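Novice: When you get a sec, could you give me coordinates for this:
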Amino acid sequence: MLLEIRLIRKIRSALLFVCFLILWEGCASGGPEEKKKEEEDPKKKELKELMKKMDNWYKKSQERMGYYPPQLTDGDWFIFQRTGETVANLSDAMLKKFVPGDDKIYLKETRDMKKHSEDMVKAAEERYDGAYEDIQYSFGRLRNTCKNCHNHLGIQIYTSLYPGETSKEDH
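Specialist: Numbering: from 1, shown residues only. Now for the predicted structure:
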C-alpha cells in the first residue's frame, strides 16, 4: 500500500510538472491570443507605410520652414511641391482604404489635410509673391490637421513608425 501511494505521488508530481511546463510555455509565448496580435494586419501595415512616406516628406519640408525666400533654392521649392503632392495623394488613399466607419472627425481632418497639401503644391509651383508665406501657412494648417486626427484616434505616430526610438520631444 505504501508503495502504491509513493507511485501515485510521483505520477501526480510528474503530471503537475508537465502541466506547469505547458502553462509556462503558453504564458511565455503569449498564448494564442497574443500570437494573433503579433501577426500584423496587412491593412495596418499598408497604412503604416503610407504614414511613413508622408512623415519623410513632411520632415524634409519642416527643415526648410525657417528659410527666407531669397535663400530658397529650386531644390527647396521642389521639396515643398513634392511634400504637398505626396501628402495629397496619400490622403486620397487614406480616404478610400482606411475610413473607420462613419467617423466624421477622421473624414474632416483627412479632407483638410488634402486641401492644405494641395495649397502647398499650388504655391510651390507658381512661386508668386508671398508664395513662401502661403506654404508656411498651409504647412502649419497641415501640422494641425495631423495633430488633431492623431489625437482623435489616439495614435502616437512617432513610436508607431519608428519602434524602439523615442521622439525628439522626449529628450
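
Novice: and residue 86, what is it in contact with?
Specialist: 53, 54, 57, 117 (CB atoms under 8 Å, 6 or more residues apart in numbering). Quick note: C-beta positions are derived from backbone N, CA and C, even for glycine.

Novice: Mind doing that once more with 6 Å?
Specialist: By CB atoms under 6 Å, 6 or more residues apart in numbering, residue 86 lies in contact with residue 57.

Novice: buried sites along the helix or strand that contains it?
Specialist: Applying DSSP states H and E as the criterion places residue 86 in helix 74-97. By 16 or more other CB atoms under 10 Å, the buried positions in helix 74-97 come out as 76-77, 79-88, 90-91, 94.

Novice: following the helix-or-strand element of the chain with minimal mean pLDDT, which helix or strand shows up next?
Specialist: Ranked by mean pLDDT, DSSP states H and E, the weakest helix or strand in the chain is helix 31-38, scoring a mean of 53. Using DSSP H and E, the helix or strand that directly follows helix 31-38 along the chain is helix 42-63.

Novice: Would you mind giving me the confidence score for residue 158?
Specialist: pLDDT, the model's per-residue confidence, is 61 for residue 158.

Novice: Revised request: answer the last question for residue 15.
Specialist: The model reports residue 15 with a pLDDT of 59.

Novice: Contact partners for residue 118?
Specialist: residue 88 are the contacts of residue 118 under CB under 6 Å, 6+ apart.

Novice: Quick check: which element contains it?
Specialist: helix 104-126.

Novice: Kindly report the same for residue 102.
Specialist: Using DSSP H and E, residue 102 is not contained in any helix or strand.

Novice: and what of residue 151?
Specialist: Per DSSP H and E: helix 131-153 holds residue 151.

Novice: Give me the contacts around that helix.
Specialist: The contact list for helix 131-153 (CB under 6 Å, 6+ apart) reads 69, 80, 105, 109, 112, 113, 116, 119, 120, 123, 157.

Novice: now it and helix 42-63, what's the angle there?
Specialist: On the basis of axes from the mean of the first three to the mean of the last three CA atoms, to 10 degrees, helix 131-153 is oriented at 150 degrees to helix 42-63.

Novice: and helix 131-153 with helix 104-126, angle?
Specialist: Using the same axes, to 10 degrees: helix 131-153 against helix 104-126 is 160 degrees.

Novice: could you measure residue 142 against residue 5, distance?
Specialist: According to CB to CB, to the nearest Å, residue 142 and residue 5 sit 77 Å apart.

Novice: higher neighbour count, those two?
Specialist: Between residue 142 and residue 5, counted using other CB atoms under 10 Å, residue 142 has the larger neighbour count: 26 against 9.
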